[in-house]
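J.: I would like to see how this sequence folds:
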Amino acid sequence: MPPGRYTLTVRQSGFQEQKRTGVLLSAGASLNLDLQLDVGTARQEITVAGDSAVVDLLSSDQHQTISSREVNELPVAKLDWTNLLKLGTGVQKAGNGGVSLNGLPPAGFSLTVDGTNASLDAELPSLAFYQGFNVINTINPDAIQEISTTKGIAPASVAGSMGGNVNIISKGGTNQFHGTLFEVNSVAAYNARNQFLATKPGSTLNQFGGSLGGAVIRDKLFYFVNFEGVRGRAFTAVSDDVPTPGFIAQTLAVAPVYKSIFNVYPCPTNRTPPARSHAGTLEPGR
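T.: Numbers count the residues shown, from 1 in each chain. Okay, the predicted model is just below:
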């Protein structure tokens with residue numbers, strides 16, 4: 001059955017009816033509900049609004065889910081859904097888009113989308129591209145129905161994994177026409193000035209996109225499409241050593257061939273003392 005919240009009603013002639021609402025069914029979960037019907041002659045309805053947490057005695061794996069509501073409504077930087085993985089116990093993000101489950105290295109987890117392998121590198125699974133430079137990780141968050149994390153003693157359904165599995169369940173079309181539009185804008189005016197800079201350099205980040213789904217043939221054929229674009233432009237403060245004018249002048253006096261190389265370096269922005277020579281070496285400035 002598709003993940004979601006369900007209402008379960010149990011009826012039997014000669015017994016009182018029971019109804020349970022808000023029953024949460026997540027991907028890969030096995031759900032047991034114990035219902036006891038009391039004998040009754042008159043019609044009486046009993047509604048249970050929620051269930052208390054019980055210990056899962058059927059499996060040894062640890063299963064956690066993140067719903068589409070959490071993906072869309074919880075505040076995360078640059079709409080990066082991977083930050084929500086830290087909501088689960090024993091789940092930590094590692095460098096270059098990796099995930100550490102149960103304290104094991106990132107190479108021990110597997111990434112799947114709708115149960116299909118989605119890792120770019122079989123030897124080093126990652127939620128992002130190499131070195132994690134991208135903003136959109138694996139799939140557009142607007143197309144995520146649920147994120148399922150399985151760790152502990154992994155079941156047979158999670159193969160090729162030592163630490164655990166992160167499975168992304170994508171959205172699909174329904175009989176009802178539905179769609180979304182979004183835009184995220186961040187500019188330098190919203191940011192604080194860098195304490196090491198006299199001015200605030202400009203920066204602009206735009207994220208935009210949307211989704212559209214519906215039915216082609218009711219109850220039989222559906223469609224769902226989505227798009228997300230990212231446009232970013234920013235300046236980065238760089239601090240490093242550069243040769244001072246005195247250092248350049250004394251070096252070119254000995255070896256003019258280095259003139260083209262010194263032309264590449266900018267002039268120092270900090271006040272530097274005159275170049276001094278000690279045993280044939282010159283001190284550069286910053």
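J.: Name the nearest residue to Leu221, sequence neighbours excluded.
T.: Closest residue to Leu221 apart from its sequence neighbours, by CB to CB, 6 or more residues apart in numbering: Ala215 at 7.0 Å. C-beta here means a position set from N, CA and C on the backbone, and glycine is covered the same way.
J.: any idea of the mean pLDDT for stretch 261-272?
T.: Stretch 261-272 comes out with an average pLDDT of 84.
J.: Start from the N-terminal end of the stretch 1-150 of the chain and give the strands.
T.: For the stretch 1-150 of the chain, the strands defined by DSSP state E, counting those that start in this stretch cover 4-10, 17-25, 45-48, 61-67, 91-93, 99-101, 109-113, 116-117, 144-152.
J.: now whatever helix or strand comes next after the last one, how far from the centre of its chain.
T.: In the C-terminal direction, the helix or strand that comes right after strand 144-152 (DSSP states H and E) is strand 164-170. Between the centre of strand 164-170 and the centre of its chain there are 12 Å (CA atoms, centre = their mean, to the nearest Å).
J.: and if you look at stretch 79-94?
T.: Offset of stretch 79-94 from its chain centre (CA atoms, centre = their mean): 7 Å.
J.: what about it, how long is it end to end?
T.: 18 Å (CA to CA, to the nearest Å).
J.: Could you list the buried residues of that stretch?
T.: By neighbour count on 16 or more other CB atoms under 10 Å, the buried set for stretch 79-94 is Leu79, Asp80, Trp81, Thr82, Leu84, Leu85, Gly88, Gly90, Val91, Lys93.
J.: Make a markdown table out of those residues and add pLDDT and distance to Asn206.
T.: Listed next are those as a markdown table, based on pLDDT from 0 to 100; distance: CB to CB, whole Å:
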| residue | pLDDT | distance to Asn206 |
| --- | --- | --- |
| Leu79 | 88 | 12 |
| Asp80 | 88 | 15 |
| Trp81 | 89 | 19 |
| Thr82 | 88 | 20 |
| Leu84 | 89 | 22 |
| Leu85 | 88 | 25 |
| Gly88 | 77 | 31 |
| Gly90 | 79 | 36 |
| Val91 | 85 | 30 |
| Lys93 | 83 | 25 |
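J.: Surely Leu84 and Asn72 touch.
T.: No - if you go by CB atoms under 8 Å, Leu84 and Asn72 don't touch, sitting 10.7 Å apart.
J.: if I pick Cys134, what's in contact with it?
T.: Slight slip there: residue 134 is Asn, not Cys. Residues near Asn134 by CB atoms under 8 Å, 6 or more residues apart in numbering: Ala128.
J.: now do Asn185
T.: Neighbour list for Asn185: Leu205, Asn206, Gln207 [criterion: CB under 8 Å, 6+ apart].
J.: Need the three-state assignment for it.
T.: Assigned with DSSP: H, G, I helix; E, B strand; the rest coil, Asn185 falls in the strand class.
J.: Now do it against His178, distance only.
T.: Noted for Asn185: a distance of 25 Å to His178, by CB to CB, to the nearest Å.
J.: so how many other residues sit close to Val39?
T.: For Val39, the tally of surrounding residues (other CB atoms under 10 Å) stands at 8.
J.: one step back: give me the buried entries from the contacts of Asn185.
T.: The buried subset of the contacts of Asn185 (16+ other CB under 10 Å) comprises Leu205, Gln207.
J.: If we only consider the contacts of Asn185, which is nearest to Ile139?
T.: Nearest to Ile139, judged by CB to CB, of these is Gln207 at 14.6 Å.
J.: Would you mind listing the residues in contact with that closest one?
T.: Neighbours of Gln207 in contact, by CB under 8 Å, 6+ apart: Lys78, Leu79, Val135, Phe182, Glu183, Val184, Asn185, Glu228, Gly229, Val230.
J.: how about the nearest residue to it, chain neighbours excluded?
T.: In space, and not counting its chain neighbours, Gln207 is closest to Val184: 4.1 Å by CB to CB, 6+ apart.
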